[in-house]
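In: Sequence first, predicted model second:
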Amino acid sequence: MKKKNKMKILIAEDDYVSRKFLYKFLSNYGECDITVDGMEAIEVFMMALDEKEYYDLICLDIMMPEVDGVKALKTIRLLEEEREVPKDKRAKIIMTTALNDTEKVMGSFDSGSEAYAVKPIDIDKFINVMGKLGLIEN
């Protein structure tokens, strides 16, 4: 698996085990920032926008306290639009979920997510999705 340049990655996950797993796995591909809820993810994303330090990949848990992943997703996409972030600089967003809630997952696609991963995360499938999104070279 060839890596492209080091990615800038944001992980928003309220479950400690999932958060630690994603961090350990995704650290192989770039620098990871971690948040524990959607509100914090939005704040960190806004700080990065202010510094023109765009995220390549954002992993958002659908079910989080404060602001859930779908609301965070909508806000992130709105901020990218308002700040006129070039299309090629916009984050690829993968929703993570333990739910078998297809309605919420499908709704996240309507709101601008590129993919989703069901927990527990299957690393091979996740790597495949990152390749399809052009984040890594398969």
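Out: Right, received. Where do you want to start? Residues are numbered from 1 along each chain as shown.

In: mind listing the strands in this protein by residue range?
Out: 7-12, 30-35, 57-61, 92-97, 115-118 (DSSP state E).

In: Kindly state the pLDDT recorded for residue 1?
Out: pLDDT recorded at residue 1 is 45.

In: do residue 99 as well
Out: 67.

In: from what I can see residue 117 touches residue 126, true?
Out: Yes. Counting by CB atoms under 8 Å, residue 117 does reach residue 126; the two are 5.6 Å apart. C-betas here are computed from N, CA, C, even on glycine.

In: tell me the angle of the least confident helix or strand in the chain by mean pLDDT relative to strand 57-61?
Out: Least confident element among the helices and strands of the chain, by mean pLDDT, DSSP states H and E: helix 102-110 (a mean of 79). Going by axes from the mean of the first three to the mean of the last three CA atoms, to 10 degrees, helix 102-110 is angled at 150 degrees with respect to strand 57-61.

In: So which elements touch helix 102-110?
Out: helix 69-82, strand 92-97, strand 115-118 (3 or more CB pairs under 8 Å, 6 or more residues apart in numbering; DSSP states H and E).

In: Which residues does it contact?
Out: 62, 69-70, 73, 95, 97, 99, 116 (CB atoms under 8 Å, 6 or more residues apart in numbering).

In: Low-confidence regions, the protein specifically.
Out: Where the chain drops to pLDDT under 70, the residues are 1-5, 99, 101-102, 138.

In: what do residue 117 and residue 126 both touch?
Out: Residues touching both residue 117 and residue 126 (CB under 8 Å, 6+ apart) are residue 94.

In: Now the phi/psi pair for residue 113, please.
Out: For residue 113, the backbone dihedrals are phi -90, psi 150 (criterion: degrees, to the nearest 10).
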